[in-house]
Every structure is written in C-alpha cells, then in structure tokens.
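In: Just the structure for this:
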Amino acid sequence: MTNDIKQCYQVLGVSAEANIKEVKQVYRKLAKVWHPDNFHHDRQQQQQAEVKFKVIVEAYEVIKDYLEKGKPLPKVSNINVKKSKS
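Out: Numbers count the residues shown, from 1 in each chain. Modelled structure (predicted):
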C-alpha cells in the first residue's frame, strides 16, 4: 500500500482493513455533511466545502477502484490531510 492510498483512507477516516461496504457508508456520511449545497448561506464556507467535498470524492474513488477492481494505485495529486481541531 502506497502513501497515496494511506492518505485516502485517512481522508475518509477508515482503517486500511475496511471493506468496500464500510468505506461506502463513511463516504456517504461525509458527502452529506460536506456537500456544498449545505452551505448556501455563506459563500466562504461553501467554497471551503467544495474543496473538502472534492477531496472526499477523490479519496473514495481511489479506494473503490483499489478494492473493487484491483486497479493499480494512481498518484493522487491534491489530497491533503489536515488534522481537524476537535
């Protein structure tokens, strides 16, 4: 497993042992939370959500292809993992 796929797992917050069903469930939850339409009242937040949403979608697609199709791992260019303050 390369660092790129590890970053994808970190973006979704799932372990590398997660199966496709678990990954999909987490992806759907995150997509609902970070969908830009949820932030229509604040343009700045909406723009931040657009970026976050794109990262989530890209991470999910990479993991999905890896788990379902056995495709070789692509180089993921713009996935940046930032620790959120909780």
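In: Could you use CA atoms for every contact and neighbour count after this?
Out: Fine.
In: any weak-confidence spans in the chain?
Out: 1-3, 71-86 (pLDDT under 70).
In: Tell me which stretches of it form strands.
Out: With DSSP state E as the definition, the chain shows no strands.
In: All the helices of it, in order from the start?
Out: Assigned by DSSP state H, the helices in the chain fall at 3-12, 20-34, 43-64.
In: In TSV, list those along with mean neighbour count and distance to residue 70.
Out: Below are the helices of the chain laid out as TSV (neighbours: other Cα atoms under 10 Å; distance: least, Cα to Cα, whole Å):
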stretch	mean neighbour count	distance to residue 70
helix 3-12	19	13
helix 20-34	15	12
helix 43-64	18	9
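In: Just list the residues touching the most centrally placed residue in the chain, thanks.
Out: Taking Cα atoms, centre = their mean as the criterion, residue 56 is the residue nearest the geometric centre of the chain, at 2.4 Å. Residue 56 makes contact with 11-12, 27, 30-31, according to Cα atoms under 8 Å, 6 or more residues apart in numbering.
In: go on, residue 13?
Out: residue 26.
In: 10 Å instead?
Out: Contact analysis of residue 13 by Cα atoms under 10 Å, 6 or more residues apart in numbering lists 7, 23, 26-27, 30.
In: Show the backbone phi and psi for it.
Out: Main-chain torsions, residue 13, degrees, to the nearest 10: phi 70, psi 30.
In: Double-check residue 37 against residue 48; I have them as touching.
Out: No - judged on Cα atoms under 10 Å, residue 37 makes no contact with residue 48 at a distance of 11.6 Å.
In: which residue sits closest to residue 8 in space, ignoring its chain neighbours?
Out: In space, residue 8 comes closest to residue 59 once its chain neighbours are excluded; the distance is 4.5 Å by Cα to Cα, 6 or more residues apart in numbering.
In: ok, the one you found touching residue 5?
Out: Yes - under the criterion of Cα under 10 Å, residue 59 makes contact with residue 5 at 8.0 Å.
In: Turn the contacts of residue 56 into a markdown table, including distance to residue 69.
Out: Converted to a markdown table, these look like this (distance: Cα to Cα, whole Å):
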| residue | distance to residue 69 |
| --- | --- |
| 11 | 21 |
| 12 | 19 |
| 27 | 18 |
| 30 | 23 |
| 31 | 22 |
